[in-house]
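Enquirer: Show me how the following folds:
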Amino acid sequence: MKKLGVLFKDTSARMIRDNIRDSGSFFIIRYTGLSGLDMSNFRKTLKGSSASLMVVRNKIAMRILADMGKEDLNKMIDGPCGFIFIKDEPVNVSKAVCDFLKDHEKLVVGGGLFGEKVLAKADIEAMSKVPSKEILRAQVVMGLKSPINGLVTVLNSTLRKFVCCLDQIRQKRGG
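Expert: Residues are numbered from 1 along each chain as shown. Now for the predicted structure:
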């Protein structure tokens, strides 16, 4: 029978591996000095962005990252750390994290992984400035709609000129 500590480590490692496999993208944070209430509020913020925070033990996280061939992420793990697992769109999660950072300077983003690309803190901050998928789609639709609106306006003005011309001919003929 395994000891309780060993069971905890095995379960934690399995949960981290499963979350990394399921999400494919994650951010690494350090939360030294954050209160329990702040952490709870941060989790709620992340839940609204389709992400979840999991506090991890450093040795377990480093071992898992080494097993994945991502040893370069180990330098981001220092002190109390957590993984933010991204379930949907990383842009929304990065916005939520950066917004939370504005009011809580004790929270530090170390970096992360997006697919196979290792992200630095600057990459996550840059990602937070990108418009969301919905806004980009709206911009594309407006870009496609603009030439069509121009064509309709030109055709409408040509038709209006034609009708005015016919009306002037009718008035000259006296009827």
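
Enquirer: thought residue 107 was touching residue 29?
Expert: Yes - using Cβ atoms under 8 Å, residue 107 is in contact with residue 29, at 6.1 Å. For every residue, glycine as well, the C-beta is placed using N, CA and C.

Enquirer: Pull the contacting residues for the residue nearest to residue 30 when sequence neighbours are not counted.
Expert: Nearest non-adjacent residue to residue 30, counting by Cβ to Cβ, 6 or more residues apart in numbering: residue 108, 4.4 Å away. Contacts for residue 108 (Cβ atoms under 8 Å, 6 or more residues apart in numbering) come out as 29, 30, 31, 32.

Enquirer: averaged over its residues, what pLDDT does the longest helix seen in the chain have?
Expert: Ordering each helix of the chain by length in residues (DSSP state H) puts helix 133-173 first. Throughout helix 133-173, pLDDT has a mean value of 86.

Enquirer: Off-centre distance for it?
Expert: Mean C-alpha position of helix 133-173 versus that of the full chain (Cα atoms, centre = their mean, to the nearest Å) differs by 39 Å.

Enquirer: what does stretch 10-29 give?
Expert: The gap between where stretch 10-29 is centred and where its chain is centred comes out at 17 Å by Cα atoms, centre = their mean.

Enquirer: Equivalent analysis for stretch 72-86, please.
Expert: 18 Å.

Enquirer: next one: stretch 114-124
Expert: Distance, centroid of stretch 114-124 to centroid of chain: 12 Å (Cα atoms, centre = their mean).

Enquirer: Residues contacting that stretch, please?
Expert: 24-25, 27, 70, 72-73, 90, 94, 97-98, 109-113, 127.

Enquirer: same thing but at 7 Å, please
Expert: Here stretch 114-124 makes contact (Cβ atoms under 7 Å, 6 or more residues apart in numbering) with 24-25, 27, 72-73, 90, 94, 97, 109-113.
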